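Undergrad: sharing a sequence plus its predicted fold:
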Amino acid sequence: MHAEMTTPSIRPIVMLVDDTPSSLGHLYQSLENAGYSVVVALDGQSALERLELVLVDAVLLDAMMPGLSGFETCQRIKANPNLAHLPVIFMTGLAETEHIVTAFDSGGVDYVVKPVRVEEVLARLQAHIRNARVARLAREAVDVAGFGVVLIDTQGRIAWQSPQARELLGQEGAKINFATLLSSTSDPLTIPDHPEITLRNLGQVGLGETMLLLAQNNQRNGDSARLQQAALTHRESEVLSWVAKGKTNRDIAEILGMSPRTVNKHLEHIFDKLGVETRSAAAAIGARFGPD
């Protein structure tokens, strides 16, 4: 059975990029039947041009094409701040390790081997679109809470940064050696020549991506005062600590020996005391100053 989308009234848009789309007619029809709207591009350059005009949720990309290869096309997608969030799934007849590594190094999140198996493509596509949307909402929530967020890829490069992070780092962000910073054991991390900016490593959030939380020193002082004034109970502090570590309510309930409903009640009190409205905002404050 095909993986059906749970919100048929809002059809996700998928871009299908292949120089021989006739060979993927069954995939095109299956995507349409599964609740997707499909945009087709015949080569990498036209795909990049259409991505500037159409807001898509994911890209299914042929690896080997005349002109721009799929690998080069993916690199250009990821280099564009407005497109870098898109999950790119490669479709390739190349199954050698070096080609698979190249696919991931160029920014792809997954790959399927041709001839494609439609059920597999639908399952992978749905998972990656869902994960991308959750990640985007989390990033926006943290940024709204007043914290700069940066995602670093496996090569130590900036894969994504929130508007507040971009404002904090400016043009210098591209010059920072994040790979060296992440190898440091200090907490919080400090940027050479930018002592006013501090970073907190929140760990991996995707396929090799690492999330960093940025703030200026005066912001840290303000958040520290907020926590001190909040007067959290010992149990609330424990809950906040595990929330900051990315645990779900069910996880926290098992760790602390309480019901998920009780965890949720503690979170309501925490939100109220910290003056925040979202879990991400509370987690951001807890990650910076919460108990270890």
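TA: Looks like it came in fine.
Undergrad: give the helix, strand or coil label for residue 91.
TA: strand (DSSP: H, G, I helix; E, B strand; the rest coil).
Undergrad: need the contact list for it.
TA: Contact analysis of residue 91 by CB atoms under 8 Å, 6 or more residues apart in numbering lists 18, 24, 60-63, 111-112, 114, 116, 121. Heads up, the C-betas are built off the backbone N, CA and C, glycines and all.
Undergrad: min pLDDT across those, which one?
TA: When the contacts of residue 91 are compared by pLDDT, residue 24 scores lowest at 77.
Undergrad: got the domain boundaries for this protein?
TA: Following automatic domain parsing, one gets these domains for the chain: 13-138, 145-219, 231-289.
Undergrad: out of these, which gets the lowest mean score?
TA: domain 145-219 (a mean of 74).
Undergrad: separation between the nearest residue to residue 32 once chain neighbours are set aside and residue 120?
TA: Nearest residue to residue 32, sequence neighbours excluded (CB to CB, 6 or more residues apart in numbering): residue 38, at 6.1 Å. As judged by CB to CB, to the nearest Å, residue 38 and residue 120 stand 17 Å apart.
Undergrad: give me the more crowded residue out of the two.
TA: residue 38 (19 against 11; other CB atoms under 10 Å).
Undergrad: contact partners for the nearest residue to residue 75 once chain neighbours are set aside?
TA: The shortest distance from residue 75 to any non-neighbouring residue, by CB to CB, 6+ apart, is to residue 106 (4.9 Å). Counting by CB under 8 Å, 6+ apart, residue 106 touches 71-72, 74-75, 78.
Undergrad: kindly recompute the last result at 10 Å.
TA: Shown in contact with residue 106 (CB atoms under 10 Å, 6 or more residues apart in numbering): 61, 63, 69-78, 88, 90.
Undergrad: again with residue 174
TA: With CB under 10 Å, 6+ apart, residue 174 has these contacts: 157-158.
Undergrad: ok, residue 79 next?
TA: So residue 79 contacts 107, 157 (CB under 10 Å, 6+ apart).
Undergrad: re earlier: can you redo the contacts of residue 106 as JSON lines with neighbour count, secondary structure and distance to residue 277?
TA: Shown next, in JSON lines, are the contacts of residue 106 (neighbours: other CB atoms under 10 Å; DSSP: H, G, I helix; E, B strand; the rest coil; distance: CB to CB, whole Å):
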{"residue": "61", "neighbour count": "28", "secondary structure": "strand", "distance to residue 277": "38"}
{"residue": "63", "neighbour count": "23", "secondary structure": "coil", "distance to residue 277": "43"}
{"residue": "69", "neighbour count": "18", "secondary structure": "coil", "distance to residue 277": "45"}
{"residue": "70", "neighbour count": "28", "secondary structure": "helix", "distance to residue 277": "42"}
{"residue": "71", "neighbour count": "21", "secondary structure": "helix", "distance to residue 277": "42"}
{"residue": "72", "neighbour count": "15", "secondary structure": "helix", "distance to residue 277": "43"}
{"residue": "73", "neighbour count": "28", "secondary structure": "helix", "distance to residue 277": "39"}
{"residue": "74", "neighbour count": "29", "secondary structure": "helix", "distance to residue 277": "36"}
{"residue": "75", "neighbour count": "16", "secondary structure": "helix", "distance to residue 277": "38"}
{"residue": "76", "neighbour count": "17", "secondary structure": "helix", "distance to residue 277": "37"}
{"residue": "77", "neighbour count": "24", "secondary structure": "helix", "distance to residue 277": "33"}
{"residue": "78", "neighbour count": "20", "secondary structure": "helix", "distance to residue 277": "32"}
{"residue": "88", "neighbour count": "25", "secondary structure": "strand", "distance to residue 277": "33"}
{"residue": "90", "neighbour count": "27", "secondary structure": "strand", "distance to residue 277": "39"}
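Undergrad: element containing the most centrally placed residue in the chain?
TA: Residue closest to the mean C-alpha point of the chain, counted by CA atoms, centre = their mean, is residue 135 at 4.1 Å. Assigned by DSSP states H and E, residue 135 belongs to helix 118-144.
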